[in-house]
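Peer 1: Prediction below, plus the sequence it came from.
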Amino acid sequence: MDFGAIFKAAFALMVGLDPAFLAIVGLSLRVTLTAVLIAALVGLPLGAALALARFPGRSAVIVCLNALMGLPPVVAGLFVFLLLSRSGPLGSLGLLFTPTAMIAAQVILVLPIVIALTRQTAEDLWGEYRDHLRSVGLEGVRAIPTLLFDGRFALATALLAGFGRASAEVGAVLIVGGNIAGYTRTMTTAITLETSKGDLPLALGLGLVLIALTLAINAVAFGASRIGARYAG
Amino acid sequence: MRDIVSILPLAVEAVSFRGDGRTLVDGLRFDIPAGGLTVVLGPNGAGKSLTLRLCHGLLAPSQGRVRWAASMEGRAKRHAMVFQKPIMLRRSVEANITHALAAAGISGGERAERSKAALARFGLLDKAAQAARLLSGGEQQRLAIARAWALRPELLFLDEPTSQLDPAATRQIEELLAALVAEGITVVMSTHDLGQARRLASRVLFLHRGRLVEDSPAAAFFAAPDSPEAKAFLAGELIW
């Protein structure tokens, strides 16, 4: 194998903005960003509510959520597959092997991260703010916007962690997406396939994009915590 | 634009509070009429902070009740509280004030106006855009008072507002409080600092081990306390 040639070909794909290459990167970003957006809309308020609520079994819920943060992606994929398969409860929707199914699977992966980290952040803030917020009449649901806004830098990091997990996973999108060329083929599933096929330049090019993405995420997370420190004091 | 009906006097009627299986505050009974600065005095653990929290409604009494002269249905509760350790939101100085105003249901235009007035009144105008949590301790407590003042309370509770401040900042806060009383705001503050109580109080509620031992005009209290506990406290012999 000529590694030099492989790297050259990979860079040519990236620099030459090969349409098939860009389509794969584009689909990956669309699926993962949509999943993170949905998880944020659901998970941020839910996490804050869980921070404030007291009910029997709350500790068990928190332990389960923390455990779900480590849910193997293939299991999440299998779960969505069973739901959406022809004979499954949601089979009539015909969503299996579509980008929508991949988004659903990734939401399941990201949501526990968002809820669990939001719960922790909001609970810490509530401990500090409780007296003042209750004094000005913000209790229960009415305290949630304040807690989310004041936790914004920590929460941005939580969302980035979710983005990182979803963009890097291969098991869930492979099972429910099916790795159909031009339709449900993402960076990670393409790397899996192309590597076994021997098309190493494409696999390597996509791998480099993934690494660049991971670097960018961490740079943004670092920046967010730095800016946060200026306000958090 | 303040409602004509006053929430004062506040009547504390046989209020007790239990926690951890112990009676922490026992059978409190006093009134707070409009005007003046009432100091809730007592050694550590006497129940000063609890008493203020019960009055402000942060805690519900286990027994007895806290009754205001006018009911406070609706949002604006017209009494505010400042805490020992200033609670600063992770926002700018100005946003700390507008947030409290928004919570009280004040509309946007008036929020901006009132927060500007509060910043100007408490000398924080040049720090309006700074992160509140990066202010000095004295400035943070000044902002906490400005934030409470912006809500236009009739009655302001302060829980040991200067116990974490250096002498210069303490003096500044004391001057502020005297000015608020002159403005017509009724102030109830707790302290364990005798000097501060002497400088500020018009009336003293002396607590010891969860009970109200003495309720006297400040001058009378400091000249000749009735109870042996208060005598010992003034002599510096009653630590807790």
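Peer 2: Looks like it came in fine.

Peer 1: Which strand or helix spans residue A:83?
Peer 2: Secondary structure from DSSP states H and E places residue A:83 in helix A:73-84.

Peer 1: Show residues contacting that helix.
Peer 2: A:88-91, A:93, A:95-96, A:101, A:104-105, A:108-109, A:169-176 (C-beta atoms under 8 Å, 6 or more residues apart in numbering or on different chains). Using the backbone N, CA and C atoms, a C-beta is placed for each residue, glycine as well.

Peer 1: Tell me which residue of chain A is positioned farthest from its centroid.
Peer 2: Distance from the centre of chain A peaks at residue A:135, with 37.0 Å (C-alpha atoms, centre = their mean).

Peer 1: Are we agreed that residue B:123 is in a helix?
Peer 2: No. Residue B:123: not assigned to a helix; according to DSSP: H, G, I helix; E, B strand; the rest coil it is coil.

Peer 1: that older thread, can you see whether the helix or strand following the helix holding residue A:83 contacts chain B, counting any residue in it?
Peer 2: With elements assigned by DSSP H and E, the helix or strand that comes after helix A:73-84 is helix A:99-135. Yes. Using C-beta under 8 Å from any C-beta of the partner chain, helix A:99-135 reaches chain B at A:128-129, A:131-135.

Peer 1: Tell me the buried residues in the host helix or strand of residue A:60?
Peer 2: Here residue A:60 sits within helix A:58-68, counting by DSSP H and E. Within helix A:58-68, the residues that qualify as buried by neighbour count (16 or more other C-beta atoms under 10 Å in any protein chain shown) are A:62, A:65-66, A:68.

Peer 1: Also stretch A:3-23?
Peer 2: A:6, A:9-10, A:13-14, A:21.

Peer 1: ok, now stretch B:181-188?
Peer 2: B:181, B:185-188.

Peer 1: circling back to that earlier point, just curious, which of the buried residues of stretch A:3-23 is nearest to residue B:129?
Peer 2: residue A:14 (43.1 Å; C-beta to C-beta).

Peer 1: and the closest one, that's in a helix?
Peer 2: Yes. Under three-state DSSP, residue A:14 sits within a helix.

Peer 1: what sits against it?
Peer 2: A:21, A:205, A:208-209 are the contacts of residue A:14 under C-beta under 8 Å, 6+ apart.

Peer 1: how far does stretch B:176-192 sit from the chain's center?
Peer 2: Averaging C-alpha positions (C-alpha atoms, centre = their mean, to the nearest Å) puts stretch B:176-192 8 Å from its chain's average.

Peer 1: Restrict it to CA atoms and write it as CSV.
Peer 2: Output of stretch B:176-192 as CSV, limited to C-alpha atoms (Å, rounded to 0.1, in the frame of the first residue of the first chain):
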residue,chain,number,x,y,z
LEU,B,176,-27.1,53.5,52.7
LEU,B,177,-29.4,51.8,55.1
ALA,B,178,-29.8,55.0,57.1
ALA,B,179,-30.7,56.8,53.9
LEU,B,180,-33.3,54.2,53.0
VAL,B,181,-34.9,54.6,56.4
ALA,B,182,-34.9,58.4,55.9
GLU,B,183,-36.6,57.8,52.5
GLY,B,184,-39.5,56.1,54.3
ILE,B,185,-38.6,52.4,53.8
THR,B,186,-39.1,50.2,56.8
VAL,B,187,-36.0,48.2,57.5
VAL,B,188,-35.6,45.0,59.5
MET,B,189,-32.1,43.7,59.7
SER,B,190,-30.3,41.0,61.7
THR,B,191,-26.9,41.4,63.0
HIS,B,192,-24.7,40.1,65.8
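
Peer 1: Could you check that stretch against chain A for contacts?
Peer 2: No. Using C-beta under 8 Å from any C-beta, we find that stretch B:176-192 stays clear of chain A, coming within 14.0 Å at best.

Peer 1: Just the residues contacting that stretch, thanks.
Peer 2: B:8, B:32-44, B:48-49, B:51-52, B:55, B:122, B:142, B:145, B:149, B:153-163, B:197, B:200, B:202.

Peer 1: can you tell me the average pLDDT over that stretch?
Peer 2: The average pLDDT within stretch B:176-192 is 95.
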